[in-house]
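Chemist: From the sequence below, what's the structure:
(3 chains)
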Amino acid sequence: MGRLPREFFAADSRELAPHLLNKLLVRGERVGRIVEVEAYAGAADPASHAFRGMTARNATMFGPPGHLYVYFTYGMHFCANVVCGPEGEASAVLLRGLTPVAGVEAMRAARGSAARRDRDLCSGPGKLCQALGLDRSFDGADLVTGDRGVEVVDDGVPPPAVPGVSGRIGLSVATEVPWRFYVPGAVGISRAR
DNA sequence: CTTTGGATCGTCT
DNA sequence: GACGATCCAAAGG
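Modeler: Numbering: from 1, shown residues only, chains lettered A, B, ... in the order given. Next comes the predicted model:
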């Protein structure tokens, strides 16, 4: 299980996003392989929470790379992003889908009756946060050092040579830019509405 | 399998 | 006061 250097996360979000595919997100005994992500390009991206500058909610995105930005939305869901780019630039990669690798029973317990099949455990940004128990208390967690028990590691599985690419999901603006990346055919990919 | 409506509240205008 | 980087149950094919 290789630790990833801070510089790995310092890249532009659109460059980092496909490189995050097939890395592992580890939260205690619960482990998932990252199979779907979306890039958000900070101040230059009208769909980004950082488009209108820094607020109390999005401050973590303006900090150093390699940290977790967790936000609450729709009155009931959390979503998790990997902060990237240089400090001061608020770019990030949204984690949208994981393939469950370990701790599946704990994930199932956290998700409840809705997740009957393994493919339903982490196949969406809100679902994977619920499965791994990620909430606002994890906002700012360091994914390099694992200071709060959450980290991203490399187990030697490379990203796909040719990732799937599409427009981003769930937005009302900038829906056409091809900044969603996924592992073709993987378990745990979300579905568009 | 697909489509549709409702839940629910922190955040920013 | 409006609106989400969403999810689920129910209903129809």
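
Chemist: by contact count, what packs against the helix-or-strand element of chain A with minimal mean pLDDT?
Modeler: Lowest mean confidence among the helices and strands of chain A (mean pLDDT, DSSP states H and E): strand A:2-3, at a mean of 90. Judged by 3 or more CB pairs under 8 Å, 6 or more residues apart in numbering; DSSP states H and E, strand A:2-3 is in contact with strand A:150-154. For every residue, glycine as well, the C-beta is placed using N, CA and C.

Chemist: Tell me which residues of the strand it packs on come out buried.
Modeler: Within strand A:150-154, the residues that count as buried by 16 or more other CB atoms under 10 Å are A:150-153.

Chemist: Just send these back as TSV, with distance to DNA strand C too.
Modeler: Compiled in TSV, those are given as follows (distance: CB to the nearest atom of the strand, whole Å):
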residue	distance to DNA strand C
A:150	16
A:151	19
A:152	16
A:153	21
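
Chemist: Closest one of those to residue A:87?
Modeler: Of all these, residue A:87 sits closest to residue A:152, with 18.2 Å by CB to CB.

Chemist: now the closest one, which residues is it bridged with?
Modeler: Beta-bridge partners of residue A:152, counted by DSSP bridges, are residue A:25.

Chemist: Tell me the confidence at it?
Modeler: Here, the pLDDT recorded for residue A:152 equals 98.

Chemist: Verify the stated contact: it with residue A:22.
Modeler: No - with contact defined as CB atoms under 8 Å, residue A:152 and residue A:22 do not form a contacting pair (11.2 Å).

Chemist: Look up the residues that both of these two are in contact with.
Modeler: Common contact partners of residue A:152 and residue A:22 (CB atoms under 8 Å, 6 or more residues apart in numbering): residue A:34.

Chemist: so what's residue A:79 closest to, chain neighbours aside?
Modeler: Of all residues not flanking residue A:79 in the chain, residue A:125 sits nearest, at 4.2 Å (CB to CB, 6 or more residues apart in numbering).

Chemist: Please identify the residues of chain A in proximity to DNA strand C?
Modeler: A:38, A:40, A:47-50, A:61, A:69, A:73-77, A:79, A:81, A:92, A:94, A:111, A:113-115, A:120, A:124-128, A:169-172, A:190, A:193 (CB under 7 Å from any atom of the strand).

Chemist: mind checking the SS state of the nearest residue to residue A:5 once chain neighbours are set aside?
Modeler: Spatial nearest neighbour of residue A:5, excluding adjacent residues (CB to CB, 6+ apart): residue A:144 at 7.6 Å. Here residue A:144 is recorded as coil under DSSP: H, G, I helix; E, B strand; the rest coil.

Chemist: what about residue A:144, neighbour count?
Modeler: Residues near residue A:144, counting by other CB atoms under 10 Å, number 19.

Chemist: which residues does it contact?
Modeler: Residue A:144 is in contact with A:3-6, A:9, A:66, A:151-152, counting by CB under 8 Å, 6+ apart.
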